[in-house]
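could you look at this predicted model? Sequence included:
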Amino acid sequence: MSVRAMKQGAADFLEKPFRNSDLLASIEQVLARDATNMEESLHQARVTVKYNNLTPREKQVMECIVQGLSNKNIAQLLDVSIRTVEAHRRRVMEKMDARSLPDLVRKADFCV
């Protein structure tokens with residue numbers, strides 16, 4: 001019965017007889033897990049909104065940055081100047097609210 005309950009989405013299973021403290025502890029764990037999941041979902045949604053606010057060219061530049069391409073390589077690939085790539089890169093970092101390249105890469109995982 002407990003296996004079936006867990007497969008159907010139960011968060012925990014208490015056998016009878018159980019103490020009230022066991023029930024409260026189980027409820028607290030489920031609520032804490034749900035709060036963590038909600039926080040992660042909100043973070044993902046915020047990152048997605050930021051990504052959707054990028055221009056198509058900024059999205060291209062971000063993709064190249066995340067792939068590890070240098071500004072020079074990106075400029076050659078997109079047939080633009082290095083200064084243009086630097087400007088797009090700066091705007092991508094600002095719009096995505098990324099403090100560093102690894103931070104941008106982590107955020108890019110939510111956008112794919």
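Thanks, I have the structure now. If you're wondering where the values come from, they're calculated on a predicted model, not measured in any experiment.

contacts, neighbours, all on C-alpha from now
OK.

any idea which helix or strand comes after the top helix by length along the chain?
Counting residues, the longest helix found in the chain (DSSP state H) is helix 20-52. Counting by DSSP states H and E, the next helix or strand C-terminal to helix 20-52 is helix 56-66.

and the closest residue to residue 11 other than its chain neighbours, how many neighbours does it have?
Nearest non-adjacent residue to residue 11, counting by C-alpha to C-alpha, 6 or more residues apart in numbering: residue 30, 6.6 Å away. Using other C-alpha atoms under 10 Å, residue 30 has 14 other residues around it.

any stretches of the protein with poor pLDDT?
Counting by pLDDT under 70, the chain contains low-confidence residues at 112.

residue 61: neighbour count?
23.

wait, it sits on residue 73?
No: between residue 61 and residue 73 there is no contact under C-alpha atoms under 8 Å: 10.7 Å.

wouldn't residue 48 be in contact with residue 111 here?
Yes: assessed by C-alpha under 8 Å, residue 48 is found in contact with residue 111 at 5.8 Å.

of these two, who's got more company?
residue 48 (18 against 14).

got the contact list for the more buried one?
Neighbour list for residue 48: 110-111 [criterion: C-alpha atoms under 8 Å, 6 or more residues apart in numbering].

mind checking the SS state of the residue lying farthest from the centre of the chain?
Outermost residue of the chain with respect to the C-alpha centroid, by C-alpha atoms, centre = their mean, is residue 17; its distance is 41.7 Å. The local conformation at residue 17, judged by DSSP: H, G, I helix; E, B strand; the rest coil, is coil.

list the contacts of it.
No contacts exist for residue 17 under C-alpha under 8 Å, 6+ apart.

ok, it to residue 6 distance?
19 Å (C-alpha to C-alpha, to the nearest Å).

before we move on, what about residue 27?
Distance, residue 27 to residue 6, using C-alpha to C-alpha: 15 Å.

equivalent analysis for residue 86, please.
Distance from residue 86 to residue 6, by C-alpha to C-alpha: 52 Å.

so between those two, which is more surrounded?
The neighbour comparison of residue 86 against residue 6 (other C-alpha under 10 Å) goes to residue 86, with 16 against 12.

which helix or strand contains that one?
Counting by DSSP H and E, residue 86 is found in helix 82-95.

done for today, thanks.
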